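In: no sequence for this one, just the structure:
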Ligand code: C5P
């Protein structure tokens, strides 16, 4: 599996995302479409971006009963996305059902990645709101292991956790890591960040990069810099 840079297209409308993607006349980035754009524009936005030659990570973080997730995953699979995700908190049976739904009649399917604990959930909230009393690192690794047991391809995690996830779940288990910043760039609201080069060294398989590219004066140059630091 080749390493790649996934650009988080956190835009609110079709116009904004196409204004942005129009700048990429050479290499077509792997694009992450999240809930905001998907709910604003519907499934057609996925087909339209795909038709322009981009690979797509559809970041909708499904979490429901296994039967509902299975049927919904079948719909997403028909959109011909390359990667999608769900919450590992939905249990191993939900993840297994998701994989079943995602698998096309010809046996192919998009990559399926699990979210373990959201980075917005800290130890205190996990204990008080969710009544999970174990240390958060242990919970994250346990959920990653559950994802591997269910047959998923990997997890979304901090680049700081990528090495440990590979240790526990195997080298082939994918780590998709946001929280990436250039050494000379703004950190913004991300707390624990790494440069693309550091993420590469620690073993991330895919980095998800939003504002360092989307808000750059020259987004194409920022993207190419990520590729050079992370992939080459
Ligand atoms: O702009 P920035 O590079 O911070 O964007 C990171 C992207 O990764 C956003 O789409 C954000 O929602 C997503 N993400 C994250 N941290 C997580 C999971 C997803 O930043 N733990």
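Out: Received, thanks. If you're wondering where the values come from, they're calculated on a predicted model, not measured in any experiment.

In: Look through this protein and state the residue closest to the ligand.
Out: Using CB to the nearest ligand atom, the closest approach of the chain to the ligand is made by residue 210 at 2.4 Å. In short, each C-beta sits where N, CA and C put it, glycine included.

In: Now do the contacts for the spatially closest residue to that residue that is not a sequence neighbour.
Out: Ranked by CB to CB, 6 or more residues apart in numbering and with sequence neighbours excluded, the top spatial neighbour of residue 210 is residue 8, at 3.5 Å. Contact analysis of residue 8 by CB atoms under 8 Å, 6 or more residues apart in numbering lists 32, 34, 178, 208-210, 214.

In: Turn the residues you listed into TSV, including neighbour count and secondary structure.
Out: Below are the contacts of residue 8 laid out as TSV (neighbours: other CB atoms under 10 Å; DSSP: H, G, I helix; E, B strand; the rest coil):
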residue	neighbour count	secondary structure
32	24	strand
34	17	strand
178	22	coil
208	19	strand
209	26	strand
210	18	coil
214	18	helix
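
In: thinking again about what came up before, local confidence estimate at the residue of the chain closest to the ligand?
Out: Per-residue confidence at residue 210 stands at 97 (pLDDT).

In: roughly how far apart are it and residue 151?
Out: According to CB to CB, to the nearest Å, residue 210 and residue 151 sit 29 Å apart.

In: Which parts of the chain are helices?
Out: 14-21, 35-41, 44-51, 66-78, 92-102, 123-130, 136-150, 159-169, 196-202, 211-214, 219-230 (DSSP state H).

In: now for those, which one comes closest to residue 115?
Out: helix 136-150 (8.4 Å; CB to CB).

In: any weak-confidence spans in the chain?
Out: 1 (pLDDT under 70).

In: Contact residues of it facing the ligand?
Out: Within reach of the ligand by CB under 6 Å from any ligand atom, the chain has these residues: 8, 10, 34, 119, 156, 178-179, 190, 208-212.

In: Tell me the one of the residues you listed nearest residue 107?
Out: Residue 107 has its nearest neighbour among the residues of the chain next to the ligand in residue 156, at 25.1 Å by CB to CB.

In: Touching, that closest one and residue 174? I think so.
Out: No - counting by CB atoms under 8 Å, residue 156 does not reach residue 174; the two are 9.5 Å apart.

In: Mind listing the shared neighbours of those two?
Out: Each of residue 113 lies in contact with both residue 156 and residue 174 under the rule CB under 8 Å, 6+ apart.

In: And the residue of the chain closest to the ligand, its phi and psi?
Out: Backbone torsions of residue 210, given as degrees, to the nearest 10, read phi -100, psi -100.

In: ok, it - contacts?
Out: Residue 210 neighbours (CB under 8 Å, 6+ apart): 7-8, 10, 178.

In: neighbours of residue 123, just the number please.
Out: 15 (other CB atoms under 10 Å).
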